[in-house]
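K.L.:
I'd like to go over a predicted model; first the sequence, then the structure.
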Amino acid sequence: MIKKIALGVTLALTASQASAADWLHCGNVFDSEAGELRGEHYIEVEAGEIKTVTRSAPTDADMVDLSDMTCLPGLIDLHVHLDGQSGPQSYLNRFTQGAADLALIAQNYGMKTLEAGFTTVRNPGDSYNVTIALRDAINAGTVQGPRIYTAGKSLATTGGHADPTNGVKDELMGRPGPTEGVINSPEDAKEAVRQHYKEGADFIKITATGGVLSMAASGENPQFTQDELKTLIEIADDYNFHVAAHAHGKEGMLRAVKAGVKTVEHGTYMDDEVIAAMKENGTYLVPTILAGKFVAEKAKIDGYFPDVVRPKAAEIGPLIQDTFAKAYRAGVNVAFGTDSGVSAHGDNALEFQYMVEAGMPAAEAIQAATTVAAGILKNDKLGVIAAGKYADIVAVDGNPLEDIKQLQSIDFVMKDGRIIKR
């Protein structure tokens, strides 16, 4: 006899329950490899992985009843910053918050992200390596949170988008170098990558151009030489790191693509030349439309951003969705990422809506956050509901292929076989 377990009964499985076989009854299942719904299925979970996916109802099984829902693989966001969230006070926080503060903040935002259905995230830049520590704590079972791939500190040039001393008065500024993630030569690039390997990073993030929220005048100027980029990526390859490049302006973006970065984040002023280079090199665009819309809206509010930031937000923010649409139509590879931390953590699924509005079919948008993102992370146990994969499963009412906004209301979240959200 099948025993149905209502969703309101259990918030999370205990460790002993997670090690035993459990079943989910899904009214519909999204096949992320084919981009199609496959109808009613039963999913057996054991020891944190999917053991069986079948159309046949098991007997004598405790069953989590999702029979009126659509089940999907746990979603992947390739661009979040868990150790903060932008706001009028955020520019003062770096003078008042230390590593302990940010570690607790990151765990809180990590849970918001997980409860929103994003069971895996890539964190391209933090302070004090707090997301490295959080990743390790989550993996050890000390705290709950999403599966984290982290770059640690973003790499910048002096005065660049991720130079932590921008906007700081002279007597506090210091002179950060490769150990602090600031490089100014190919030799510095080698040292910085090796330092990140030593600290336990999973990949490398560079700020190839200026940025919107940094205390610097330009949001688009190139910030690395071609020699610096070439050396950095060669060393990153030695350590099996992929490289993600924050980039708004054309020239810095083009240099990064030609040097061999795996992903371009934002891509605002991408033109036909950049698109051709990305297609030739197999580079992925992580569009972060949500962040663009967020900063454009906040730029209208007096005092929300400092004076040096506000015009950049007003100019760059509104362009990102149109750039994404152009790149998608041209055949550029696209992977899902939001830059949450600029916008509010937990609102990540708004990105799906904006991708679909720009012309991407809903199924492809979901694939960008499942199979495509898993490929960038080189983890074939993510992004698919199939035997042998991680038991990362989310469920929503209705059909997200017909109404992508359904993903903004995830009702059920399982990670590693444990129910996180009922």
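P.N.:
Yep, it's here. Numbers count the residues shown, from 1 in each chain.

K.L.:
any low-confidence regions in the stretch 201-350 of the chain?
P.N.:
211-219 (pLDDT under 70).

K.L.:
tell me the strands in it, going along the chain?
P.N.:
Residue ranges of the strands in the stretch 201-350 of the chain, as given by DSSP state E, counting those that start in this stretch, are 204-207, 243-247, 263-266, 284-286, 333-334.

K.L.:
reformat these as a markdown table; add mean neighbour count.
P.N.:
In this view, the C-beta of every residue, glycine as well, is placed from N, C-alpha and C. Formatted as a markdown table, those follow (neighbours: other C-beta atoms under 10 Å):
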| stretch | mean neighbour count |
| --- | --- |
| strand 204-207 | 30 |
| strand 243-247 | 30 |
| strand 263-266 | 29 |
| strand 284-286 | 26 |
| strand 333-334 | 20 |
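
K.L.:
out of the ones you listed, nearest to Lys415?
P.N.:
strand 284-286 (22.1 Å; C-beta to C-beta).

K.L.:
that closest one pairs with which strands?
P.N.:
When pairing is defined by DSSP bridges, strand 284-286 lines up against strand 263-266 (parallel), strand 333-334 (parallel).

K.L.:
next one: the shortest one to chain centre, how far?
P.N.:
In other words, strand 333-334. The chain centroid and the centroid of strand 333-334 are separated by 14 Å under C-alpha atoms, centre = their mean, to the nearest Å.

K.L.:
what's the answer for the first one, then?
P.N.:
A distance of 11 Å separates the centroid of the chain from that of strand 263-266, by C-alpha atoms, centre = their mean.

K.L.:
quick revisit: can you add distance to Glu33 and give the strands of the stretch 201-350 of the chain back as a markdown table?
P.N.:
What follows is the strands of the stretch 201-350 of the chain, written out as a markdown table (distance: least, C-beta to C-beta, whole Å):
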| stretch | distance to Glu33 |
| --- | --- |
| strand 204-207 | 28 |
| strand 243-247 | 24 |
| strand 263-266 | 21 |
| strand 284-286 | 18 |
| strand 333-334 | 16 |
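
K.L.:
any chance of a markdown table for the strands paired with strand 284-286, columns distance to Glu187?
P.N.:
Listed next are these as a markdown table, based on distance: least, C-beta to C-beta, whole Å:
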| stretch | distance to Glu187 |
| --- | --- |
| strand 263-266 | 25 |
| strand 333-334 | 32 |
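
K.L.:
do you know which of these lies nearest Arg122?
P.N.:
Shortest distance between Arg122 and those, using C-beta to C-beta, is found for strand 263-266: 9.0 Å.

K.L.:
now for the helix ranked longest in the chain, which elements pack on it?
P.N.:
Secondary structure assigned by DSSP state H gives helix 99-115 as the longest helix of the chain. Contacts defined by 3 or more C-beta pairs under 8 Å, 6 or more residues apart in numbering; DSSP states H and E place helix 99-115 against helix 130-140, strand 412-415, strand 418-421.

K.L.:
how close does Ile393 sit to Ile316?
P.N.:
Distance, Ile393 to Ile316, by C-beta to C-beta, to the nearest Å: 37 Å.

K.L.:
so which of the strands paired with strand 284-286 is nearest Glu44?
P.N.:
Proximity to Glu44, assessed across those by C-beta to C-beta, is greatest for strand 333-334 (32.9 Å).

K.L.:
how about Gly267, what does it touch?
P.N.:
Ala247, His248, Met253, Val274, Leu285, Pro287, Ile320, Thr323, Phe324, Ala327 (C-beta atoms under 8 Å, 6 or more residues apart in numbering).

K.L.:
what about those, which are in helices?
P.N.:
Checked against DSSP H, the contacts of Gly267 include these in helices: Met253, Val274, Ile320, Thr323, Phe324, Ala327.

K.L.:
contacts for the helix or strand encompassing Ile43?
P.N.:
Using DSSP states H and E, Ile43 sits within strand 41-46. Strand 41-46 has contacts (C-beta under 8 Å, 6+ apart) with 19-26, 29, 50-58, 63, 71, 385, 391, 393, 414, 417.

K.L.:
point out the ones among those residues that are inside strands.
P.N.:
22-26, 29, 50-54, 63, 71, 393, 414 (DSSP state E).

K.L.:
which one of those residues sits closest to Ala208?
P.N.:
Closest approach between the ones in strands among the contacts of strand 41-46 and Ala208, by C-beta to C-beta: Ile393, at 36.0 Å.

K.L.:
for the stretch 301-422 of the chain, what spans make up the helices?
P.N.:
For the stretch 301-422 of the chain, helices defined by DSSP state H, counting those that start in this stretch occupy the ranges 310-316, 320-330, 350-357, 362-368, 371-376.

K.L.:
between those, which gets nearest to Lys262?
P.N.:
helix 371-376 (6.4 Å).

K.L.:
may I have the closest one as CSV, with CA atoms only?
P.N.:
Output in CSV follows, covering the C-alpha atoms of helix 371-376 (Å, rounded to 0.1, in the frame of the first residue of the first chain):
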residue,chain,number,x,y,z
THR,A,371,21.7,21.2,-18.1
VAL,A,372,23.6,24.2,-19.5
ALA,A,373,24.7,25.6,-16.1
ALA,A,374,25.7,22.1,-15.0
GLY,A,375,27.9,21.8,-18.0
ILE,A,376,29.8,25.0,-17.2
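
K.L.:
OK, contacts around the residue nearest to the spatial centre of the chain?
P.N.:
In the chain, the C-alpha nearest the mean C-alpha coordinate belongs to Leu78, at 2.4 Å (C-alpha atoms, centre = their mean). Counting by C-beta under 8 Å, 6+ apart, Leu78 touches Val121, Arg122, Pro124, Ala244, Thr263, Val286, Ala335, Phe336, Gly337, Ala373, Ile376, Leu377.
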